[in-house]
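> Sequence plus the predicted model coming up.
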Amino acid sequence: SAVISQKPSRDICQRGTSLTIQCQVDSQVTMMFWYRQQPGQSLTLIATANQGSEATYESGFVIDKFPISRPNLTFSTLTVSNMSPEDSSIYLCSASPGQGADTQYFGPGTRLTVL
Amino acid sequence: AQSVSQHNHHVILSEAASLELGCNYSYGGTVNLFWYVQYPGQHLQLLLKYFSGDPLVKGIKGFEAEFIKSKFSFNLRKPSVQWSDTAEYFCAVNGNTGGFKTIFGAGTRLFVKA
């Protein structure tokens, strides 16, 4: 298993600014993922972040808006750039220890409110 | 297209009632199936999973799920729910296609009355 922490746990930001969310895993993992969870809705995958390569973004999400870093096997960041109120959501980091399809472990999430 | 469908968005039960949450999936290739649970104020955690073998899998807290390949289903069951089972439950699928990404259902909110 893996224990995941995220910082910040919540934030209130002004429109037009950017926020970087950090995700730390207590063990080395192959795959890390970033999700968005709107209130009362399911998880939407933003991108997959593998160490040593560019993140792979899902349809509707672009690198300019959501740049991701994955400098090593235990850490990743997601930046929400040029924020608007529509970006208000919970952002979740998850990690999968295996090489392929495997169980995912989730962080506690970052609750973002954009005014 | 890959998708997961959960039949019930909201379920309200009394304690000791039996629970069955429906989940159907559409996914090409070999599948791994999961149920995740999110208790109020807590983060998502794994309830149980099926990778291969016995299609009836048992998870934590008395939950079980049955993989029926012919029906593309992975329904979650518990014979007798408790107030502490109040949570949101997500069915999910991944596999060796689609870049290993996990597809989540919309979730089912379960409220158990004491």
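In hand now; what should we look at?

> Do a quick rundown of the strands in the chain.
Chain wasn't specified; assuming chain A. For chain A, strands defined by DSSP state E occupy the ranges A:4-7, A:10-13, A:19-25, A:31-37, A:43-50, A:56-57, A:68-72, A:75-80, A:89-96, A:105-106, A:110-114.

> that's the other chain; I wanted chain B
B:3-6, B:10-14, B:19-21, B:23-26, B:31-38, B:45-50, B:56-58, B:64-68, B:73-78, B:87-95, B:103-104, B:108-113.

> May I see the buried residues of the second one?
Within strand B:10-14, the residues that qualify as buried by neighbour count (16 or more other CB atoms under 10 Å in any protein chain shown) are B:11, B:13. Yep, even glycine has a C-beta here, placed from its N, CA and C like the rest.

> now swap in stretch B:89-101 and tell me
By neighbour count with 16+ other CB under 10 Å, stretch B:89-101 contains the buried residues B:89-95, B:98, B:100-101.

> Kindly report the same for stretch B:64-73.
For stretch B:64-73, the neighbour count (16+ other CB under 10 Å) marks B:64-67, B:72-73 as buried.

> what does that stretch rub up against?
For stretch B:64-73, contacts defined as CB atoms under 8 Å, 6 or more residues apart in numbering or on different chains pick out B:22-26, B:33, B:35, B:48, B:50, B:55-59, B:74-78.

> ChimeraX command for the buried members of the residues you listed?
In ChimeraX syntax, the buried subset of the contacts of stretch B:64-73 is picked out as below (16+ other CB under 10 Å):
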select /B:23,24,25,33,35,48,50,57,59,74,75,76,78
